[in-house]
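Peer 1: sequence plus the predicted model coming up.
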Amino acid sequence: MFSRIKSDIKVIFERDPAARTFTEVLLCYPGVHALVAYRLAHWLWIRNFCLTARFISQLARLFTGIEIHPGARIGRGFFIDHGMGVVIGETTEIGDNVTIYHGVTLGGTTWNKGKRHPTLADNVVIGAGAKVLGPITLGINVRIGSNAVVVADAPPNSTVVGIPGRVVYGSAKKKGTGVAKFPSYGETNGMPDPVAKAVGCLLDQVHQMDDRIKELEQSEKVIPPFEPSPKSAPHIGESP
């Protein structure tokens, strides 16, 4: 348990440029406080001290704003940045070197018992405000954009954005690391937005139709009105 807490603190210096000293991280990072409480609560949970474990997790929630169920399974190097509003459900499984930001929910979509929360592989990053719901799996190196709602599996090395979440492109790895480049708050130059793209196509069609209607109106003004000639066919009842 203590070795995992040590690794949880160590990764903060790698992922947060604002971190300066070990003492600062230990005293001022709510994500660390919540993880320390979780490690203790989980240790009690797997030994059937369930009530005590839940009480510890609720105390941590009170002081940090982060709710981690003691039944969840979390690997090494887990980092919660800022942390307020994070919720991690009972049957969640999280691999190593995972990073999540504030407002993230790893929740369930059913009231039935059993596996009902997501599984996150190694090196997953989840942007602020994102919701990952149901017994789905996020593959290794998956990136979830801010405020996305993910309800389906995401393949390894992919990035997911939007509501509902859509895979938009594979993530590029930094040379020599194995950690993918990722905008922490879901913003990057040139990131495609499938919804915005669809709306843009509809607007283009509307503009094309509007231009075509204007062309037809102009052509009608050029054509002279029809006037029957003297040699036109006689009306019914008239002799030729």
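Peer 2: That came through fine. These figures come from a predicted structure and were not determined experimentally.
Peer 1: low-confidence ranges, the chain, go.
Peer 2: 1-3, 170-194, 221-240 (pLDDT under 70).
Peer 1: please repeat the previous calculation with a cut-off of 50.
Peer 2: For the chain, the stretches with pLDDT under 50 are 172-180.
Peer 1: and the next helix or strand past whichever helix or strand G31 is part of?
Peer 2: Following DSSP states H and E, one finds G31 within helix 30-45. Remark: after helix 30-45, the chain's next helix or strand is helix 50-64, criterion DSSP H and E.
Peer 1: what packs against that next one?
Peer 2: helix 30-45, strand 67-68 (3 or more CB pairs under 8 Å, 6 or more residues apart in numbering; DSSP states H and E). Using the backbone N, CA and C atoms, a C-beta is placed for each residue, glycine as well.
Peer 1: so which of the ones you listed is nearest Q205?
Peer 2: Nearest to Q205, of all those, is strand 67-68, at 46.5 Å by CB to CB.
Peer 1: where's the closest residue to D81 other than its chain neighbours relative to D204, distance?
Peer 2: Closest residue in space to D81, ignoring its immediate chain neighbours: Y101 at 5.1 Å, by CB to CB, 6 or more residues apart in numbering. Distance, Y101 to D204, using CB to CB, to the nearest Å: 35 Å.
Peer 1: all helices of this protein, in order?
Peer 2: 2-15, 22-28, 30-45, 50-64, 194-222 (DSSP state H).
Peer 1: out of these, which one sits most buried?
Peer 2: helix 30-45 (a mean of 21; mean count of other CB atoms under 10 Å).
Peer 1: may I see the buried residues of stretch 68-84?
Peer 2: 68-72, 74-83 (16 or more other CB atoms under 10 Å).
Peer 1: how long is that stretch end to end?
Peer 2: 12 Å (CA to CA, to the nearest Å).
Peer 1: turn the helices and strands packed on helix 50-64 into a markdown table, columns for distance to V168.
Peer 2: Converted to a markdown table, the helices and strands packed on helix 50-64 look like this (distance: least, CB to CB, whole Å):
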| stretch | distance to V168 |
| --- | --- |
| helix 30-45 | 28 |
| strand 67-68 | 29 |
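Peer 1: so which of those gets nearest G145?
Peer 2: Closest among the helices and strands packed on helix 50-64, using CB to CB: helix 30-45, at 20.4 Å.
Peer 1: show me what the closest one is packed up against.
Peer 2: Using 3+ CB pairs under 8 Å, 6+ apart, helix 30-45 sits against helix 2-15, helix 50-64, strand 67-68, strand 73-74, strand 79-80.
Peer 1: so the residue most central in space within the chain versus E93, what's the distance?
Peer 2: Nearest to the centroid of the C-alpha atoms of the chain, with distances taken as CA atoms, centre = their mean, sits A148, at 3.2 Å. Distance of A148 to E93, given as CB to CB: 20 Å.
Peer 1: quick check: T159 touching G165?
Peer 2: No - with contact defined as CB atoms under 8 Å, T159 and G165 do not form a contacting pair (9.8 Å).
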